[in-house]
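1. sequence? don't have it. structure:
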């Protein structure tokens, strides 16, 4: 599939809205902006904050159990739990 600049713009707007961070201007800045991980940590923290998720309240564990990924090291659940104490 071809790269969609329309999808990029929508994602960029969504991330900027949730994090308060602005992607650097210019073509081909979106990828590097995400790759350093800072904005992604802020995004995860923002989503958790807005969902009411706090450390240890179990909501992510319930979601993981529903999706049967709790025991898999590469699961999104386990990756997000590793980011619990990361602040950007």
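-> Thanks, I have the structure now. Note that the structure is predicted; figures quoted are calculated from it, not measured.
2. average pLDDT for stretch 23-32?
-> Mean pLDDT, stretch 23-32: 87.
3. run through who's touching it.
-> Here stretch 23-32 makes contact (CB atoms under 8 Å, 6 or more residues apart in numbering) with 8, 11-12, 15-16, 33, 39. Where C-beta positions appear, they are placed from N, C-alpha and C, glycine not excepted.
4. which of the residues you listed has the most neighbours?
-> Neighbour counts for those peak at residue 15, which has 21 neighbours (criterion: other CB atoms under 10 Å).
5. is residue 7 in a helix, a strand, or coil?
-> helix (DSSP: H, G, I helix; E, B strand; the rest coil).
6. count the neighbours of it for me.
-> For residue 7, the count of nearby residues is 9 (other CB under 10 Å).
7. and it, how close does it get to residue 48?
-> To residue 48, residue 7 is 24 Å away according to CB to CB, to the nearest Å.
8. try residue 33
-> Applying CB to CB, the value for residue 33 to residue 48 is 21 Å.
9. what number of residues lie near residue 44?
-> 19.
10. pLDDT score for it?
-> On pLDDT, residue 44 comes in at 91.
11. what about it, which helix or strand?
-> According to DSSP states H and E, residue 44 maps onto helix 38-51.
12. enumerate the positions of that helix that are buried.
-> The neighbour-count check on helix 38-51 (16 or more other CB atoms under 10 Å) flags 39-40, 42-46, 48 as buried.
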